[in-house]
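Enquirer: output the structure for:
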Amino acid sequence: GEPSYFTKTMPRGGGAGMRGKMSESVSSSSSSLDQDFVQSMSKVTAKAAASNGFKPASRHRQEPATSKPPANPSPAQSPDSAPTGQPKSSSPAKQMTGGWEEVKLDDGRVYYYHRLTRASRWDKPEGAVADAMEQRIQDQERQKQAAVEERRRKREVEKQAKDEEAKARDNLTHSVGEEVKAWAEGKSIHQLLNELDVVFEGAPTPNLLTANSSAPEIKRAYLKAIRFCHPDKIGRDATMKRKLLSQAVFGAVNAAYERRKRVENM
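Expert: Got it, this is the predicted structure:
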């Protein structure tokens, strides 16, 4: 075929070298264009930032500032800026009157700490300050003791009331039990049903039952009676004696009915 232009113009054996030189020339040109573009864009960006009030950041790295304590700390600081809580110092605290301690910090500063109130201040508490602090401590102690005494008194009153209530309940339980026992002693179920209103006021009174009453008659009267005197049917506002009577009467009537069932196979 017809040789190409490069084949005609390039000497034999020199194609590789020529291609290498062409590649280096293109690379050098591209690098120069990139640098010109970057410089141009940097100038545009800096100009736009300056027009908006921004300053370009420095290329040099700035070292962070180190925090150092004040060279000459003033001891006459506000009491609010004094250390709080139990002081930390390698030196033992110097005991003072009124519950105060003089504390010397490791850096040489001195402040004053109150053991009871845990208050701390830089200036030495003297005169009116110390007196006011002592008065406040005494007032707080009196209020604390008064509160403790009031709680103790309330506990004693509550305990006494509970003890009296329990004693009264025991006495009433015993008297009600004796009353129902005397009422039910020696009586059959039909007699208890006939006389239920004697011991338990308001109880239904059946038609006069006898020992010869039929089992269905006895059962109907019994069911009607226990529905009335059942402890769960007694209202919450009932007296303690009424509640205790319902329990005792319910037990006595049930026991008599069970005896009748065993005898007559009801």
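
Enquirer: got the buried residues for the helix or strand hosting R262?
Expert: R262 belongs to helix 240-264 when elements are defined using DSSP states H and E. Buried residues in helix 240-264, counting neighbours by 16 or more other CB atoms under 10 Å, are found at 242-250, 252-253, 256-257, 260. From N, CA and C alone the C-beta is placed, and that goes for glycine too.

Enquirer: now those in TSV, with pLDDT and distance to K144?
Expert: Formatted as TSV, the buried residues of helix 240-264 follow (pLDDT from 0 to 100; distance: CB to CB, whole Å):
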residue	pLDDT	distance to K144
R242	92	47
K243	92	44
L244	93	45
L245	93	50
S246	93	50
Q247	93	48
A248	94	51
V249	94	55
F250	94	54
A252	94	57
V253	94	59
A256	92	63
Y257	92	64
R260	87	69
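
Enquirer: wait, which of those residues is closest to A132?
Expert: Using CB to CB, K243 comes nearest to A132 of the buried residues of helix 240-264, at 60.8 Å.

Enquirer: what number of residues lie near the nearest residue to that closest one once chain neighbours are set aside?
Expert: The shortest distance from K243 to any non-neighbouring residue, by CB to CB, 6 or more residues apart in numbering, is to I234 (5.5 Å). When neighbours are counted by other CB atoms under 10 Å, I234 registers 18.

Enquirer: quick one: contacts for I234?
Expert: Contact analysis of I234 by CB atoms under 8 Å, 6 or more residues apart in numbering lists R242, K243, S246.

Enquirer: need these in TSV (columns: distance to Q95).
Expert: Formatted as TSV, the contacts of I234 follow (distance: CB to CB, whole Å):
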residue	distance to Q95
R242	70
K243	66
S246	72
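
Enquirer: picking up where we left off before, want to throw the buried residues of helix 240-264 into a markdown table with distance to A147?
Expert: Output for the buried residues of helix 240-264, formatted as a markdown table (distance: CB to CB, whole Å):
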| residue | distance to A147 |
| --- | --- |
| R242 | 42 |
| K243 | 39 |
| L244 | 40 |
| L245 | 45 |
| S246 | 45 |
| Q247 | 43 |
| A248 | 46 |
| V249 | 49 |
| F250 | 49 |
| A252 | 52 |
| V253 | 54 |
| A256 | 59 |
| Y257 | 59 |
| R260 | 64 |
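
Enquirer: next SSE after the biggest helix by length in the chain?
Expert: Longest helix of the chain, by residue count under DSSP state H: helix 128-184. Counting by DSSP H and E, the next helix or strand C-terminal to helix 128-184 is helix 189-194.

Enquirer: buried residues, that following helix. List them.
Expert: Counting neighbours by 16+ other CB under 10 Å, helix 189-194 gives I189, H190, L192, L193, N194 as buried.

Enquirer: does anything pack onto it? Which helices or strands?
Expert: Applying 3 or more CB pairs under 8 Å, 6 or more residues apart in numbering; DSSP states H and E, one finds that helix 189-194 contacts helix 215-229, helix 240-264.

Enquirer: okay if I get these as JSON lines plus distance to Q143?
Expert: Listed next are the helices and strands packed on helix 189-194 as JSON lines, based on distance: least, CB to CB, whole Å:
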{"stretch": "helix 215-229", "distance to Q143": "55"}
{"stretch": "helix 240-264", "distance to Q143": "41"}
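
Enquirer: which among those helices is found nearest to R169?
Expert: Each of the helices and strands packed on helix 189-194 has some distance to R169 by CB to CB; the shortest is helix 240-264, at 6.6 Å.
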